[in-house]
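Chemist: only the shape, not the letters, is given here:
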């Protein structure tokens, strides 16, 4: 017998991530903007909070998806701001100097992941986020 007959078939492709039905491309884009607007915080002080806040306030009545994702983005950025303040305080005992880059990298990576997920029409929940705005 040849080896081709004994070869295992290729594994099936993984299922696609769940998407919200009935979302327009515009709603998906604004959901993505709600997350990615936080990246302006790397250029403008408090921009990471103001970006999602402005997008959420402008589009929350028009798109329920943007209302949900805008609140999520805003809650995450407030949580990150609190973490940065704690890191600055802890920098007096040097631990904050080690934690600050970790918080920054985590915020960047999670924000990009959330933006991609929102653009795909998926609701995204950030890990370890204080849900202050409901």
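Modeler: Right, received. Where do you want to start? Worth saying up front: this structure is predicted, and the values here are computed from it rather than measured. Residues are numbered from 1 along each chain as shown.
Chemist: mind checking how far the lengthiest helix in the chain is from the chain centre?
Modeler: Under DSSP state H, the helix in the chain containing the largest number of residues is helix 64-90. Its chain's C-alpha centre lies 10 Å from the corresponding centre of helix 64-90 when counted by CA atoms, centre = their mean, to the nearest Å.
Chemist: which positions within that helix qualify as buried?
Modeler: 65-81, 83-84, 87 (16 or more other CB atoms under 10 Å). In short, each C-beta sits where N, CA and C put it, glycine included.
Chemist: same check on stretch 40-47?
Modeler: 40-41, 47.
Chemist: now swap in stretch 89-103 and tell me
Modeler: 96, 99-100, 103.
Chemist: SS state for the residue sitting nearest the centre point of the chain?
Modeler: When CA atoms, centre = their mean is applied to the chain, the residue found nearest the centroid is residue 114 (2.9 Å). Here residue 114 is helix, with the state taken from DSSP: H, G, I helix; E, B strand; the rest coil.
Chemist: just the ones in helices from the buried residues of stretch 40-47, please.
Modeler: Per DSSP H, the buried residues of stretch 40-47 map to helices at residue 47.
Chemist: and which of the buried residues of stretch 40-47 is nearest residue 30?
Modeler: In terms of CB to CB, no member of the buried residues of stretch 40-47 lies closer to residue 30 than residue 40, at 15.8 Å.
Chemist: what's the closest non-adjacent residue to that closest one?
Modeler: Nearest residue to residue 40 in three dimensions, chain neighbours excluded: residue 47, at 3.8 Å (CB to CB, 6 or more residues apart in numbering).
Chemist: distance of that neighbour relative to residue 74?
Modeler: 13 Å (CB to CB, to the nearest Å).
Chemist: surely the residue nearest to the centre of the chain touches residue 74?
Modeler: No: Residue 114 is beyond contact range of residue 74, at 11.8 Å (criterion: CB atoms under 8 Å).
Chemist: circling back: now the buried residues of stretch 40-47 as a markdown table including pLDDT and distance to residue 56?
Modeler: As requested, the buried residues of stretch 40-47 are exported to a markdown table (pLDDT from 0 to 100; distance: CB to CB, whole Å):
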| residue | pLDDT | distance to residue 56 |
| --- | --- | --- |
| 40 | 91 | 14 |
| 41 | 87 | 15 |
| 47 | 88 | 14 |
